[in-house]
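> could you look at this predicted model? Sequence included:
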Amino acid sequence: MKWLRWAIAVAVALPVGADAIPYTAATAPMMARAEEWFQAQPLYDQDTCYRAETGYARTDWNGVLGGCHEPYYRTDCSGFVSMVWGLPVSYATPRHGLDHDLTDVSRMIAKDELRTGDALLAWGKHVRLFDHWTNASRTTYVAYDFGATPVKHQEYTWHAQGEYAYVPIRYTPDR
């Protein structure tokens, strides 16, 4: 039923109220963690956990949620966002049939509300970490992207041909 709630929210896409966390205080450490993985360039592998200070570990799929637990995170897109947001485990990209995913700890926001540290979610496919807009018309942006090796930090065009239709989401710790 959670997927239906998100599908309706995507269709409506109304802006919501005040931010859940003060981004002036939270953005710097979050983006420092993103940059740490960008510099370290861990290899993409959904069956591997990673910590910048100590390296790789294998996933434990018998545990709760995504197989990797803080301070290790799964080396894929949702593990990367989980690590940046400081989540206790690697949450998954939402898809039908999952009990726990990134929508458990976030809420949808409008495109115009995007801020550094928010994420761009392609339901059941991919998630990217938003860094900043590169133009006033908000048609191009810079994001961290770990969809394959290497981790990327580059410019993208909003809804470019061949791109997923991303939905902006914001980490909401009290959700």
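Ah, there it is. Every value quoted in this text rests on a predicted model; they were computed, and no experiment measured them.
> going forward, measure contacts between C-alpha atoms and count neighbours the same way
Will do.
> list the residues that contact the residue nearest to Lys152 when sequence neighbours are not counted.
In space, Lys152 comes closest to Asp145 once its chain neighbours are excluded; the distance is 5.0 Å by CA to CA, 6 or more residues apart in numbering. By CA atoms under 8 Å, 6 or more residues apart in numbering, Asp145 lies in contact with Cys77, Val127, Arg128, Leu129, Val151, Lys152, His153.
> mind redoing it with 7 Å?
Residues in contact with Asp145 (CA atoms under 7 Å, 6 or more residues apart in numbering) are Cys77, Arg128, Leu129, Val151, Lys152, His153.
> closest to Pro71 out of these?
When the contacts of Asp145 are compared for distance to Pro71 (CA to CA), Cys77 wins out at 16.4 Å.
> ok, the closest one touching Gly147?
Yes - at 5.5 Å, Cys77 counts as touching Gly147 under the criterion of CA atoms under 7 Å.
> more neighbours, the two?
Cys77 (27 against 19; other CA atoms under 10 Å).
> what ranges does the chain have for its strands?
45-51, 55-58, 73-75, 106-108, 119-122, 126-133, 140-145, 152-157, 167-171 (DSSP state E).
> nearest to Phe38, of those strands?
That would be strand 152-157 among those, by CA to CA, at 6.8 Å.
> which of the residues in that closest one are buried?
Lys152, His153 (16 or more other CA atoms under 10 Å).
> got the angle for that strand vs strand 140-145?
Computed with axes from the mean of the first three to the mean of the last three CA atoms, to 10 degrees, the direction of strand 152-157 lies at 150 degrees from that of strand 140-145.
> which outside residues touch strand 152-157?
Contacts for strand 152-157 (CA under 7 Å, 6+ apart): Phe38, Thr139, Thr140, Tyr141, Val142, Ala143, Tyr144, Asp145, Phe146.
> out of the strands of the chain, which comes closest to Ala34?
strand 140-145 (7.4 Å).
> next, the angle from the closest one to strand 126-133.
130 degrees.
> now do the residue nearest the centre of the chain against Val151, distance only.
Centroid check for the chain by CA atoms, centre = their mean gives Val81 as the closest residue, at 3.5 Å. Val81 is 12 Å from Val151, where distance means CA to CA, to the nearest Å.
> joint contacts of those two?
By CA under 7 Å, 6+ apart, no residue touches both Val81 and Val151.
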